[in-house]
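Chemist: Here is my input; please provide its structure:
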Amino acid sequence: MTLHHAPRRRLLAFAAALAGSAALPLYAQSPVWPTKPVKLVVGYAAGGATDVLARLVAQKMGDQLGQPVIVDNRAGANSNVGAESVVRAPADGYTLYVYTIANTINASLYTKLSYDPAKDFEPIGMIAKIPNILVVNPKLPVKTVADYVRYAKESKDGITFASSGSGSSIHLSGEMFKMQSKLNMLHVPYRGSAPAVTDLMGGQVESMFDNTPSALPHVQAGKLRALAITSAQRSPLLPDVPTLAESGFPGFDVQSWFAMAAPVGTPRPVIDQLNTALNKVLAAPDVRQRLQELAATPDPGTPEQMRQFAAAEIKRWREVVKESGAKAE
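Modeler: Numbering: from 1, shown residues only. All right, here's what the predicted structure looks like:
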């Protein structure tokens, strides 16, 4: 090869490389994401377990990504309002959603949804799981699950159980227990956990399968009595409270869970970057400590693991909704 051909060869090679790169997707050329703040939509009002977990994770993920992650509360219709807003957002990684157990319940609870909880989201990863606690008013002559069963059977009207609303994990924990125990249990829905707990402490209702973070302070203060926890393992925060599985209901395992998702079609490199950031946050000692205080167990994993878990939950809750006759308010 003569010397004067060398620059021309290099020029042709460079031109070919440029032409090839033009065919590559935008994200392969420019791995610089994110270049602006990321929005994390929460389908509930500020202050609840979903919001508290979202804010904890959002702040730390912002540090990992180099851009702030801003929580946007869009409450309504058992989190459907927030879910719909995310499904309609551009699939560019700048709008994310805290996907929860409620979304998998809503798949069968609502006869018409304007989104598909399975198909319209791109899973990023699980955040954490939180068990529920079967709590009763301390004036009720009930100290164990066996007492609860006996009381419900002997009472002419059965027993009442409150919830934070029809279709919540609190409601369906009760429905699942009702299916297994065959007890006469009357569901009393409220608009949120706080008013339900207030009436439970006031004696207007007799029991509730409340989220642990909500019930725990009242149990510790003696204002509510904890009979059992709904997860497969006991909680380190309540080591003396047995599981429902230990209390005569083998296999009973219900936990509220929280995950992160993006609109379907979000580029895979962005999903992978978000998953890596989320899992790093969940491994941080200060985050694990705060989750433990909330009775939450971190649950890091892959987008595929979250997809499989959500699909199994949709199937599981479809059966409970069908048998219980639960309907959306």
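
Chemist: F121 pairs with what?
Modeler: Following DSSP bridges, F121 is listed with bridge partners P263.

Chemist: So it versus Y115, what's the distance?
Modeler: Distance of F121 to Y115, computed by CB to CB, to the nearest Å: 8 Å. Yep, even glycine has a C-beta here, placed from its N, CA and C like the rest.

Chemist: Please identify every residue contacting each of these two.
Modeler: Taking CB atoms under 8 Å, 6 or more residues apart in numbering as the contact criterion, the residues that touch both F121 and Y115 are V87.

Chemist: Comparing the two, which residue is more hemmed in?
Modeler: The residue with the greater number of neighbours, taking F121 and Y115 and applying other CB atoms under 10 Å, is F121; the counts read 26 against 20.

Chemist: and the more buried one, what pLDDT?
Modeler: With respect to pLDDT, F121 scores 98.

Chemist: I'd assumed Y99 was in contact with it.
Modeler: Yes. With contact defined as CB atoms under 8 Å, F121 reaches Y99; the gap is 6.1 Å.

Chemist: so what's in contact with these two at the same time?
Modeler: Residues within reach of F121 and of Y99 at once, by CB under 8 Å, 6+ apart, are A261.

Chemist: which residues does the closest residue to D51 other than its chain neighbours contact?
Modeler: With CB to CB, 6 or more residues apart in numbering as the measure, V42 is the residue that lies nearest to D51, at 5.3 Å, once sequence neighbours are left out. Contact analysis of V42 by CB under 8 Å, 6+ apart lists T50, D51, A54, V71, D72, N73, R74, G82, V98.

Chemist: List just the nearest of those residues to Q308.
Modeler: Sorting these by how near they are to Q308, with CB to CB, puts V98 at the top with 19.0 Å.

Chemist: Would you agree that closest one falls within a helix?
Modeler: No. Under DSSP: H, G, I helix; E, B strand; the rest coil, V98 sits outside any helix and is assigned strand.

Chemist: bridging residues for it?
Modeler: Beta bridges link V98 to M260, judged by DSSP bridges.

Chemist: Which residues belonging to the longest helix along the chain are considered buried?
Modeler: The single longest helix within the chain, with elements called by DSSP state H, is helix 303-324. By neighbour count, and taking 16 or more other CB atoms under 10 Å as the criterion, the buried residues in helix 303-324 are P303, M306, R307, F309, A310, E313, I314, W317, V320, V321, S324.

Chemist: Let me see the ranges of the strands in the stretch 151-300 of the chain.
Modeler: In the stretch 151-300 of the chain, the strands defined using DSSP state E, counting those that start in this stretch lie at 159-163, 185-189, 207-211, 225-229, 255-263, 297-298.

Chemist: Show me the one of those that comes nearest M61.
Modeler: strand 255-263 (8.8 Å).

Chemist: how far is the closest one from where the chain is centred?
Modeler: Here strand 255-263 is found 4 Å from its chain centre; the criterion is CA atoms, centre = their mean, to the nearest Å.

Chemist: how about it as CSV, C-alpha atoms only?
Modeler: Output in CSV follows, covering the C-alpha atoms of strand 255-263 (Å, rounded to 0.1, in the frame of the first residue of the first chain):
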residue,chain,number,x,y,z
GLN,A,255,-47.2,-9.3,52.5
SER,A,256,-47.7,-5.8,51.0
TRP,A,257,-45.0,-5.3,48.5
PHE,A,258,-43.5,-2.3,46.7
ALA,A,259,-41.6,-2.3,43.4
MET,A,260,-40.5,0.1,40.7
ALA,A,261,-41.6,0.1,37.0
ALA,A,262,-41.5,2.3,33.9
PRO,A,263,-43.8,2.7,30.9
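
Chemist: packing partners for that strand?
Modeler: With contacts defined as 3 or more CB pairs under 8 Å, 6 or more residues apart in numbering; DSSP states H and E, strand 255-263 has these neighbours: helix 49-65, helix 80-87, strand 95-100, helix 101-109, strand 121-136, helix 268-283, helix 303-324.

Chemist: Out of those, flag the one nearest A221.
Modeler: Each of the helices and strands packed on strand 255-263 was checked against A221 via CB to CB, and the shortest separation belongs to strand 121-136, namely 12.0 Å.

Chemist: Just want the angle from that closest one to strand 255-263.
Modeler: 160 degrees (axes from the mean of the first three to the mean of the last three CA atoms, to 10 degrees).

Chemist: doesn't P34 make contact with L65?
Modeler: Yes. Look at L65 against P34 with CB under 8 Å: they come within range, at 5.7 Å.

Chemist: Next, count neighbours for the nearest residue to L244 once chain neighbours are set aside.
Modeler: In space, not counting the residues next to it along the chain, L244 is nearest to F252; the distance is 4.1 Å by CB to CB, 6+ apart. Residue neighbour count, defined by other CB under 10 Å, stands at 21 for F252.
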